[in-house]
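Peer 1: Return a 3D structure for these sequence lines:
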Amino acid sequence: MSINCRAALTTGKGDFFIDQIRVDDPGPDEVLVQMKAAGVCHTDYDSLNWKKTMVLGHEGAGVIVATGMQVTGLKAGDKVMLNWSIPCGHCFQCTEGNQHICENNSPVTGGKYGTNGGHAHAGGTTFNNAPVERSFNLGTLSEYALVKQAAVVVNTSSKMSFEAASIIGCGVMTGYGSVVNAAKVKPGSTVVVLGTGGVGLSVIQGARIAGAASIIAVDINPVRLEMAQRFGATTIIQADKADTGLLQAAAKVKELTAGRGADYAFECTAIPQLGAAPLAMVRNAGTAVQVSGIEEEITIDMNLFEWDKVYINPLYGKCRPQIDFPAITALYNNGRFLLEEMITRRYALHELSNAFDDMLHGRNAKGVIIF
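Peer 2: Just a heads-up that it's a prediction; the model follows:
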């Protein structure tokens, strides 16, 4: 039986609104989730200008209400976290272990299910009696979401709040995975993190968990730098907004590292002009990681690559949801990964504009919508 519920929608012309949608019973490989919490991400704000009508949101956690006939291992009442990069499990990339860039389902690499800019047709969701798409095939800024079974990871923690669970499926995974899965940070190493929002704080936590001896946080926002210290940064550098390419900050990093530079540097600012900045922070043969998903054309001074530096651009922390989400949950359970502490403020759905405003002005580490 169909459910009518409230959701945040956009027409893709820079606006959003709260209205009623209808969500149908799950198809054979689908799961109906009653959303309990949804993280608010910069990508949600960006999607207001993607020139299409859709249900917003791609971070979330909730409780399964119903499952399709072919669904196994899941049942009504299960607490779950949602994953936006849905693997098919059998394409070339999935069999290579690259589930985050699935050739069939990925909403960002042109998979068949993820066509049209990553927002596949959502046949079981309608608005004004017409089918409406769900952002990243999830649409978590809705009281109910109809998703593929492969998008669901059971939350086995007895103490994790829905709010904490909701933020794992994008920013937390991206930051943590960039450290652990992509860069493979070594114990005793020196790490620089550029930008200390939700993703940057997750990089800092990943570096701490990986055993980095020195974690240097760089930001222009003193409030966020204070947060960075709480989450594991050993040194902070408040950058000057006029510091082109963060070269002055890079000089300070070298002063802190015997003139050599850090072993690893992670860019988490989403500012195109800083795409090359991590290269200026690392030593010869160091590793620079572009975490924030810059897609614009940028210019890089090739002198920054001297010598033997590696620059990588991983997607979503190379996420393997059924492996990485439980790993983060286990780290949370034993107190090593701080999730509840990352949530600066909670909002009702009708307060989404406030959540966007706080995010854009750097007031939050992470804002969450509560249903």
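
Peer 1: And the helices in the stretch 201-350 of the chain?
Peer 2: When assigned using DSSP state H, counting those that start in this stretch, the helices of the stretch 201-350 of the chain occupy the ranges 222-231, 247-256, 277-281, 321-333.

Peer 1: Show me what counts as buried in the longest one.
Peer 2: It stands for helix 321-333. Neighbour counts over helix 321-333 (16 or more other CB atoms under 10 Å) mark 321, 324-329, 331-332 as buried. In this view, the C-beta of every residue, glycine as well, is placed from N, C-alpha and C.

Peer 1: Including distance to residue 188, could these go into CSV?
Peer 2: Output for the buried residues of helix 321-333, formatted as CSV (distance: CB to CB, whole Å):
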residue, distance to residue 188
321, 30
324, 24
325, 28
326, 27
327, 22
328, 23
329, 27
331, 20
332, 25
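
Peer 1: count of neighbours near the nearest residue in space to residue 321 that is not next to it in sequence?
Peer 2: Nearest residue to residue 321, sequence neighbours excluded (CB to CB, 6 or more residues apart in numbering): residue 83, at 4.1 Å. Residues contacting residue 83 under the criterion other CB atoms under 10 Å number 31.

Peer 1: Distance-wise, check the closest residue to residue 152 other than its chain neighbours relative to residue 170.
Peer 2: Counting by CB to CB, 6+ apart, residue 152 lies nearest to residue 80, which is 4.8 Å off, once chain neighbours are set aside. Residue 80 is 15 Å from residue 170, where distance means CB to CB, to the nearest Å.

Peer 1: So if I had to pick from the two, which one is more boxed in?
Peer 2: Neighbour count, other CB under 10 Å: between residue 80 and residue 170, residue 170 has more, with 29 against 23.

Peer 1: That one reaches residue 41, doesn't it?
Peer 2: Yes - at 5.5 Å, residue 170 counts as touching residue 41 under the criterion of CB atoms under 8 Å.

Peer 1: Would you mind listing the residues touching both of these two?
Peer 2: Listed contacts common to residue 170 and residue 41 are 58-59; contacts here mean CB atoms under 8 Å, 6 or more residues apart in numbering.

Peer 1: Residue 48 is in contact with residue 14, correct?
Peer 2: Yes - assessed by CB under 8 Å, residue 14 is found in contact with residue 48 at 5.3 Å.

Peer 1: Of these two, which one has the most company?
Peer 2: Taking neighbours as other CB under 10 Å, residue 14 and residue 48 compare with residue 48 leading, 15 against 9.

Peer 1: Tell me, please, where in the stretch 51-200 of the chain the pLDDT is lower than the cut-off.
Peer 2: With pLDDT under 70 as the threshold, the stretch 51-200 of the chain has low-confidence stretches at 110-123.

Peer 1: By residue count, which strand of the protein is the longest?
Peer 2: Ranked by residue count and defined by DSSP state E, the top strand of the chain is strand 30-40.

Peer 1: count of residues packed around residue 177?
Peer 2: For residue 177, using other CB under 10 Å, the count is 26.

Peer 1: ignore the last one, residue 252
Peer 2: When neighbours are counted by other CB under 10 Å, residue 252 registers 17.

Peer 1: That one touches residue 236, doesn't it?
Peer 2: No - in this structure, residue 252 is not within contact of residue 236 by CB under 8 Å, at 10.5 Å.

Peer 1: How about the contacts made by residue 47?
Peer 2: Residue 47 neighbours (CB under 8 Å, 6+ apart): 10, 12, 54, 56, 135.

Peer 1: do that again at 7 Å, thanks
Peer 2: 10, 56, 135 (CB atoms under 7 Å, 6 or more residues apart in numbering).

Peer 1: Name the nearest of those relative to residue 361.
Peer 2: residue 56 (19.6 Å; CB to CB).

Peer 1: Could you check how far the closest one is from residue 50?
Peer 2: 10 Å.

Peer 1: Equivalent analysis for residue 185, please.
Peer 2: Distance, residue 185 to residue 50, using CB to CB: 34 Å.

Peer 1: Mind checking which of these two has more residues around it?
Peer 2: Neighbours were counted for residue 185 and for residue 50 using other CB under 10 Å; residue 185 has more, 26 against 19.

Peer 1: Quick check: phi and psi on the more buried one?
Peer 2: phi -60, psi 130 (degrees, to the nearest 10).

Peer 1: Show me which of the buried residues of helix 321-333 is closest to residue 139.
Peer 2: residue 321 (17.8 Å).

Peer 1: isn't the closest one right next to residue 153, touching?
Peer 2: Yes - between residue 321 and residue 153 there is a contact at 5.2 Å, judged by CB atoms under 7 Å.

Peer 1: what about the helices in the stretch 1-150 of the chain?
Peer 2: Using DSSP H, counting those that start in this stretch, helices in the stretch 1-150 of the chain cover 42-46, 92-95, 115-118.

Peer 1: Not counting its neighbours along the chain, what's nearest residue 58?
Peer 2: With CB to CB, 6+ apart as the criterion, residue 58 has its nearest non-adjacent residue at 3.9 Å, and that residue is residue 136.

Peer 1: now that neighbour: how far from residue 209?
Peer 2: Relative to residue 209, and taking CB to CB, residue 136 is found at 27 Å.

Peer 1: Quick check: the closest residue in space to residue 240 that isn't next to it in sequence vs residue 286, distance?
Peer 2: In space, and not counting its chain neighbours, residue 240 is closest to residue 248: 6.4 Å by CB to CB, 6+ apart. The gap separating residue 248 from residue 286 is 19 Å, by CB to CB.

Peer 1: what about residue 251, neighbour count?
Peer 2: 13.
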